[in-house]
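Trainee: Show me how the following folds:
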Amino acid sequence: MGYFDDCRPDQRFTTRSWRSIYKQNGSLWVVSDWDQRRVISVGTEWYEEDEDFVLEALAEHIDEIPPEAILIEVGRDSELVSWTSDNDEDTTLLPFYPSTAEFAADVPRIHRSDLIELERMGVQVDLVTRRSLQPGDRQRLAFKYYTNRPNVGVGWHELNCIMHLPKHPNIVPFHSLVIDTVDGNDKVVGFTTRFIPGDTILDNVARVFKLKYLQQLTEALDFLNLELGIVHGDIVTYNLLIDAETDNIQIFDFNMASKLGWEGDTENGGAFVYEADRNDVKWTIFTLYEIITRDMHFREENYPHELDASMVSDMDTWEKHPDVRLDAEVAEYRRVLSDWVEVRKKRDEEVTHWTQAPRYLDWPPMPEFPEVHWVGNLVRQSWQMRQDLVRRGASFLRWQRPPSCRLPLPQGQLLLATGQIVDDSVP
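Mentor: Okay, here's the model as predicted:
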């Protein structure tokens, strides 16, 4: 139901690592499946370097092998040779989640088991609603979370950024922390925001892109960049919504955001580092060009550091795609954009660092990681090996869920955000 229904293998899977250790001369690839939220290893008896082969072979079998499978071996024709659930073969890394004690007591919170999955909207983001409410009162929410170690730092900073943002008519607002309990300790495993119906600008191409949407976008970015010292860093059509109720543009998804001019959280993978090549002014220029022309090749074929706004801003003509609907002439959109860019050139010289913004946002650093077992010692790190926790009989958060091809569930069953399937009649 959703994003994973017809996606490519490289959209559903991410390879974490590969190394030639399987059966002496073979290869072992460690793969994250974002649909089922599981990690599985793929082995070959020969030295296989082709990632596409591995992912396509896994795609053939992932929805048919048992949920407890940890490693599969495939043959040269992608056939399934064997699978195992041997705990010693488990390469799953379980990430750190902060305690609820790190957040103010008045911040709203929802338990993960109270969330019903309605749709898988993307990697580690789902459409959900609350089970504890009556069906007629169930508000739809976007639930964002992480199940992998590299997102520990990003998760902390994105959550705090969104949670501290002042309310703004053109920014999707924070809703609640999502918590779960391990050994009696409440952990923050993600957060929810209000779900905005109406689809993104990328998805709803038949809608008129009004001039006022551009004006709202530039005003919202001035607010973020110059008032708060926050750079969104990923202004693209799939991160912009139109609220059907208010007819306002909405910015969402701050996982690429940063504090203006900040070197990032250097102790946690450089999370929230400012990248000048992803500045919001340049990104907005390319986004408007893509909306009007539907020519995506500049950002599809170039890395951010290779892009210069002059590639499109210096064009004499932006040829409007015949299917694009506007409520003003292309020249007027370009005039509004150009005027804004000129004003920003001056203002960006005045605010070059997030601490210079009059209402700059700040929040606590990442909490200290707990001591965990690692190779016979106790060390502080942001992850634990699941096989070690299983071996010691310790508790841990579980995320695995049925594949999208098994959805929707039979009538009377619900899929919770925990991955559990429950009877709809049981509260």
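
Trainee: Only C-alpha atoms from now on, for both contacts and neighbour counts.
Mentor: Will do.

Trainee: for the stretch 301-427 of the chain, what spans make up the strands?
Mentor: For the stretch 301-427 of the chain, the strands defined by DSSP state E, counting those that start in this stretch cover 371-374, 377-380, 383-385, 413-415, 421-423.

Trainee: in its sheet, what does the fourth one sit against?
Mentor: For strand 413-415, the paired strands and their directions (DSSP bridges) are strand 421-423 (antiparallel).

Trainee: Distance from the chain centre to the strand it pairs with, please.
Mentor: 27 Å (Cα atoms, centre = their mean, to the nearest Å).

Trainee: So P108 sits against S176, correct?
Mentor: Yes: under the criterion of Cα atoms under 8 Å, P108 makes contact with S176 at 4.8 Å.

Trainee: Those two: which has the busier surroundings?
Mentor: S176 (19 against 13; other Cα atoms under 10 Å).

Trainee: What's opposite that one in the beta bridge?
Mentor: T192.

Trainee: confidence score at it?
Mentor: Looking at S176, its pLDDT stands at 98.

Trainee: re earlier: export the strands of the stretch 301-427 of the chain to TSV and tack on mean pLDDT, mean neighbour count and distance to N185?
Mentor: Converted to TSV, the strands of the stretch 301-427 of the chain look like this (pLDDT from 0 to 100; neighbours: other Cα atoms under 10 Å; distance: least, Cα to Cα, whole Å):
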stretch	mean pLDDT	mean neighbour count	distance to N185
strand 371-374	87	15	15
strand 377-380	91	11	18
strand 383-385	94	19	17
strand 413-415	96	19	24
strand 421-423	95	13	24
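
Trainee: Quick one: closest of these to G190.
Mentor: Among those, the nearest to G190 by Cα to Cα is strand 383-385 (16.3 Å).

Trainee: who does the closest one pair up with?
Mentor: Counting by DSSP bridges, strand 383-385 is paired with strand 93-95 (antiparallel).

Trainee: Would you indicate which residues of stretch 4-11 are buried?
Mentor: F4, P9, Q11 (16 or more other Cα atoms under 10 Å).

Trainee: so where does the last one fall, helix or strand?
Mentor: When secondary structure is defined using DSSP states H and E, the element that contains Q11 is helix 9-12.

Trainee: I'd like to know which elements that helix is packed against.
Mentor: Here helix 9-12 touches helix 51-61, going by 3 or more Cα pairs under 8 Å, 6 or more residues apart in numbering; DSSP states H and E.

Trainee: What's the first helix or strand after the helix it packs on?
Mentor: Following helix 51-61 toward the C-terminus (DSSP H and E): strand 71-74.

Trainee: C-terminal to that next one, what's the next element?
Mentor: strand 80-84.

Trainee: Tell me the strands beside that next one, with direction?
Mentor: Checking strand 80-84 against DSSP bridges gives partners strand 71-74 (antiparallel).

Trainee: Work out the gap between the partner strand and the centre of the chain.
Mentor: 28 Å.

Trainee: Can you give me the buried ones in that strand?
Mentor: Within strand 71-74, the residues that count as buried by 16+ other Cα under 10 Å are L71, I72, E73, V74.

Trainee: Would you convert those residues into CSV that also reports distance to L397 and pLDDT?
Mentor: Output for the buried residues of strand 71-74, formatted as CSV (distance: Cα to Cα, whole Å; pLDDT from 0 to 100):
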residue, distance to L397, pLDDT
L71, 21, 97
I72, 24, 97
E73, 27, 97
V74, 30, 97
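
Trainee: Which of those residues sits closest to E117?
Mentor: The nearest one, if we look at those relative to E117 and count by Cα to Cα, is L71, at 27.3 Å.

Trainee: which ones are touching the closest one?
Mentor: I40, S41, V42, G43, W83, T84, S85, E89, D90 (Cα atoms under 8 Å, 6 or more residues apart in numbering).
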